[in-house]
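Visitor: Got a predicted structure plus its sequence, pasted below:
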Amino acid sequence: MSKDNQVLEEITSKEYEHGWSSNIEMESAPKGLNEDIVRFISAKKNEPEWLLEWRLKAYRQWVNMKEPKWPNVTYPEINYQDVIYYAAPKQKVKPKSLEEVDPELLKTFEKLGISLTEQKRLTGIAVDAVLDSVSVATTFKEKLGELGIIFCSFSEAVLEHPELVKKYLGSVVPMNDNYFAALNSAVFSDGSFCYIPKGVRCPMELSTYFRINAANTGQFERTLIVADEGSYVSYLEGCTAPQRDENQLHAAVVEIYAMKDAQVKYSTVQNWYPGDKNGKGGIYNFVTKRALCAGDHSKVSWTQVETGSAITWKYPSCVLKGDYSSGEFYSVAVTNNYQQADTGTKMIHIGKHTKSRIVSKGISAGHSQNSYRGQVHILKRAEGARNFSQCDSLLMGDKCGAHTFPYIDVENNSAKVEHEATTSKIGEDQIFYCLQRGIDEESAVALIVNGYAKEVLNQLPMEFAVEAQKLLALTLEGSVG
Amino acid sequence: MLSIKNLHAKIEDNQILNGLNLEVKPGEVHAIMGPNGSGKSTLASVLAGREEFEVTDGTVEYLGKDLLELAPEERAREGVFLAFQYPVEIPGVSTINFMKTAVNQVREARGQQPLDAVSFLGLMKEKMKLVEIDQSLLNRSLNEGFSGGEKKRNEIFQMAMLEPKLAILDETDSGLDIDALRIVANGVNKLRDKNKAIIVVTHYQRLLEYIVPDFVHVLYKGKIVKSGTKELALELEAKGYDWIKDEVAVV
């Protein structure tokens, strides 16, 4: 016991791997939020009038909204006037290709292990890298363009594909959906936009990498994915942030619109800075992610591996409107030290014979609190709807907490809803068994945790799965008590 | 190879081993028998390095090293293997994956290159045959949903893979029917050689019909109170443990 605690101490004192800050000139807005700031952001991005109006409308609603207090997390009052809402890396000319991008910026990505050039050459993943709030470079655009696929920064989409943006922006997550979505709608500075045309199967994984760089900056990116009839896309999102003592705000919105027979697979590996081992600093991650399965037989699958952030508030959801549409949610959420996570999903069954599947694996260590919050709602007309939910919690040590808040509302009695939940502890017996075979304690924990999370990790694309496995091991090494 | 002198050990406030002495040489098979609660499994656990047991006195020398100074994983890497009485389940981790990690960590500790996939598979196939285990079992989550026999066979498979110098079989016969017992014992016998020593901890003589020991020791109240050859095991089977208890009481 005492030795385990010692190992726990040692490991948890390990430095956050991505904790460095790049030295890139920034151009930012003054602190605080008011209509002028909203106008400033919109002007910076040369936005059309309609979008400015949309932002202002969102801002005016946000001002009258209240921050939600129901999540099972505690944090000091956020002063929204003390946040910088826009920070763009300064660049003299807009880059046309990777070669023209600030080398310092490229170095940043290399440190992250997502060298764009490397990726371009080796992996065939198209990356849209968002540093703070501005999308830096999108690879593979031309190749995707041949198929009619649009994959670009959000600001670019606003200028070049306004009809699509106008039509779908806010169509899944209305601007006044919740406090943080409203905030995002008012001040979002960039993000990614993706459109897959009718019948097109996107031949590569599309990937966005987010990173918060500047101090006191909030990151408010916005992602919009529109999958037209019969199309398919697999989309990856990764995140990191440098180590800072202050808490930083991250309030993103992701909207997915899936038409008839379309399939979207959205995978996230979230590794924002979690704060130090005493709970100082770290990202407040308040994210709204929702998919609308608008067409019949459409399918959206969320997979998330959440290891970072001081606080996570996030419920990637599916609104199953089309008949026979289906939604999936696969999640591994790890909390260590003083991290708090309140995460889960909502599956709203509207269409007939809609199906949903939820697999949530929570892992808590240190002094952390980890909550699963999920809602399965079967509406009256959702004849023959089915849901299966499985929520497992794994505890490491005796100072952490795991909580489950499943809500099930069934309004149609032909529905079939199943819910399973388990709570377990990594046993000293399991660890000893590994040790006795010559496996050291850190590898033993990694092995056991990866085994526990396997069902979710299997959903990730190969290269992401490897990263996720390493992250899990890194976050939890030695956290046995 | 293994020299245990005056070993005392306790768990929480219960003194379990009270001055145990045992000498084991390479190539030998020692059976440790004794009534329930005599300390048999404690001895196995102490040798493997389970932390809940505190050694309060005595020494254990293994291949010229102080065994008690080594961490459990170091002991394993030095060739000490424990076949568990109750093998542990690890969901989502296949035996193959588990063994691959173990074999390569042991190799690394010995300054050897890790085995590549092909060599590992080759080694595995060879050992599978030895202990008559099916690959489908090895693809499944470690010990999860295994029958008693499958668990024990899996332990012996792991023993074959890790090629220990000193193997301790803790009640390997418990929960096995006669066929499973024979398969497990055959596996163990194939692994016997002049450089390896085996300590068989058992309650019953039954297993010793298949794994024939060179020495039989009776453990009672944390001490070896009687040693002999395999005939002693038969005598115990016939007469039970009471006469040993009486003998000890007289002394």
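Guide: That came in fine, so what should we check first? Numbering: from 1, shown residues only, chains lettered A, B, ... in the order given.
Visitor: Ignoring the adjacent residues along the chain, who's closest to residue A:71?
Guide: Using CB to CB, 6 or more residues apart in numbering or on different chains and skipping the chain neighbours, the partner closest in space to residue A:71 is residue A:342 (4.0 Å). For glycine as for every other residue, the C-beta is placed from the backbone atoms N, C-alpha and C.
Visitor: Give the other helices and strands that the host helix or strand of that neighbour contacts.
Guide: For residue A:342, the host element (DSSP states H and E) is strand A:340-349. With contacts taken as 3 or more CB pairs under 8 Å, 6 or more residues apart in numbering or on different chains; DSSP states H and E, strand A:340-349 sits against strand A:299-306, strand A:311-314, strand A:317-320, strand A:326-335, strand A:355-364, strand A:369-378.
Visitor: ok, is stretch B:102-110 in contact with chain A or not?
Guide: Yes: Stretch B:102-110 lies within reach of chain A by CB under 8 Å from any CB of the partner chain, at B:102, B:105-106, B:109.
Visitor: which one of those has the most neighbours?
Guide: Taking other CB atoms under 10 Å in any protein chain shown as the neighbour criterion, residue B:102 ranks highest of the residues of stretch B:102-110 next to chain A with 24 neighbours.
Visitor: So it: helix, strand or coil?
Guide: Recorded secondary structure, residue B:102: helix (DSSP: H, G, I helix; E, B strand; the rest coil).
Visitor: pLDDT score assigned to the residue lying closest to it once chain neighbours are set aside?
Guide: Setting aside the residues directly before and after it, residue B:102 is nearest to residue A:437 in space (CB to CB, 6+ apart), at 3.9 Å. pLDDT, residue A:437: 97.
Visitor: And for the one 5 residues further on?
Guide: The pLDDT attached to residue A:442 in the predicted structure is 85.
Visitor: What of residue B:124?
Guide: In this model, residue B:124 is scored at 94, pLDDT.
Visitor: Tell me the residues on the stretch 351-481 of chain A that lie near chain B, please.
Guide: Selection of the stretch 351-481 of chain A residues close to chain B by CB under 8 Å from any CB yields A:427-430, A:432-441, A:443, A:447-448, A:450-455.
Visitor: Now, of those residues, which are buried?
Guide: Those of those that meet the buried threshold are A:428, A:430, A:432-441, A:443, A:447-448, A:450-455, by 16 or more other CB atoms under 10 Å in any protein chain shown.
Visitor: can you pull the contacts of the residue nearest to residue B:76 when sequence neighbours are not counted?
Guide: Counting by CB to CB, 6+ apart, residue B:76 lies nearest to residue A:438, which is 3.8 Å off, once chain neighbours are set aside. Contact analysis of residue A:438 by CB atoms under 8 Å, 6 or more residues apart in numbering or on different chains lists B:73, B:76-77, B:102, B:105-106, B:109, B:162.
Visitor: show me what contacts whatever residue of the stretch 51-200 of chain B ends up closest to chain A?
Guide: Per CB to the nearest CB, residue B:92 is where the stretch 51-200 of chain B lies closest to chain A, at 3.0 Å. Neighbouring residues of residue B:92 by CB under 8 Å, 6+ apart: A:450-455, B:141.
Visitor: ok, 6 Å please
Guide: Residue B:92 makes contact with A:451-452, A:454, B:141, according to CB atoms under 6 Å, 6 or more residues apart in numbering or on different chains.
Visitor: Out of the residues you listed, which two sit at the greatest distance?
Guide: Across those, no pair lies farther apart than A:452 and B:141, at 10.5 Å, counting by CB to CB.
Visitor: Identify those among the contacts of residue B:92 that sit within strands.
Guide: In this view, those that belong to strands under DSSP state E are residue B:141.
Visitor: What is the nearest of the contacts of residue B:92 to residue A:198?
Guide: Nearest to residue A:198, judged by CB to CB, of the contacts of residue B:92 is residue A:454 at 35.9 Å.
Visitor: Check which helix or strand the residue nearest to the closest one when sequence neighbours are not counted maps to.
Guide: Nearest residue to residue A:454, sequence neighbours excluded (CB to CB, 6+ apart): residue B:92, at 3.9 Å. Residue B:92 is located in strand B:90-94, with elements delineated by DSSP H and E.
Visitor: so what strands line up beside that strand?
Guide: Under the criterion DSSP bridges, strand B:90-94 sits next to strand B:141-142 (antiparallel) in its sheet.
Visitor: Off-centre distance for the strand it pairs with?
Guide: 21 Å (CA atoms, centre = their mean, to the nearest Å).
Visitor: tell me the contacts of the residue nearest to residue A:71?
Guide: Residue A:342 sits next to A:71-73, A:313, A:371, A:373 when contact means CB under 6 Å, 6+ apart.
Visitor: how many other residues sit next to the residue nearest to residue B:171 when sequence neighbours are not counted?
Guide: Among residues not flanking residue B:171 along the chain, residue B:85 sits closest, at 4.2 Å (CB to CB, 6+ apart). Number of residues near residue B:85 (other CB under 10 Å) recorded here: 20.
Visitor: what's the neighbour count on residue A:279?
Guide: Using other CB under 10 Å, residue A:279 has 17 neighbouring residues.
Visitor: I'd guessed it sits against residue A:338; true?
Guide: Yes: Residue A:279 sits in contact with residue A:338 when judged by CB atoms under 6 Å, with a separation of 3.0 Å.
Visitor: Residue A:389 touches residue A:421, doesn't it?
Guide: No: shown here, residue A:389 and residue A:421 do not form a contact pair, counting by CB under 6 Å, at 8.2 Å.
Visitor: And the pLDDT at residue A:158?
Guide: Looking at residue A:158, its pLDDT reads 92.
Visitor: next one: residue A:352
Guide: pLDDT, residue A:352: 97.
Visitor: Tell me which helix or strand it sits in.
Guide: Per DSSP H and E, residue A:352 falls between elements, in no helix or strand.
Visitor: Tell me the spacing between it and residue A:410.
Guide: Going from residue A:352 to residue A:410 by CB to CB, to the nearest Å gives 15 Å.
Visitor: Then residue B:171?
Guide: 50 Å.
Visitor: Neighbour count: those two, which is higher?
Guide: residue B:171 (21 against 18).
Visitor: I'd guessed the more buried one sits against residue B:86; true?
Guide: No: in this structure, residue B:171 is not within contact of residue B:86 by CB under 6 Å, at 8.8 Å.
Visitor: and the angle from the strand holding residue A:342 to strand A:299-306?
Guide: 170 degrees (axes from the mean of the first three to the mean of the last three CA atoms, to 10 degrees).
Visitor: pLDDT on strand A:340-349, on average?
Guide: Across strand A:340-349, pLDDT averages out at 93.
Visitor: can you pull out the helices in the chain?
Guide: You didn't say which chain, so I picked chain A. For chain A, helices defined by DSSP state H occupy the ranges A:2-12, A:35-44, A:49-63, A:103-111, A:116-122, A:141-146, A:154-160, A:162-168, A:179-187, A:428-436, A:441-452, A:454-457, A:462-476.
Visitor: hmm, I had chain B in mind actually
Guide: For chain B, helices defined by DSSP H occupy the ranges B:40-48, B:72-77, B:95-109, B:117-131, B:135-139, B:148-162, B:178-191, B:230-239, B:242-250.
Visitor: Any chance of those helices in a markdown table with distance to residue B:61 as columns?
Guide: Formatted as a markdown table, the helices of chain B follow (distance: least, CB to CB, whole Å):
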| stretch | distance to residue B:61 |
| --- | --- |
| helix B:40-48 | 12 |
| helix B:72-77 | 13 |
| helix B:95-109 | 20 |
| helix B:117-131 | 30 |
| helix B:135-139 | 35 |
| helix B:148-162 | 22 |
| helix B:178-191 | 24 |
| helix B:230-239 | 26 |
| helix B:242-250 | 27 |
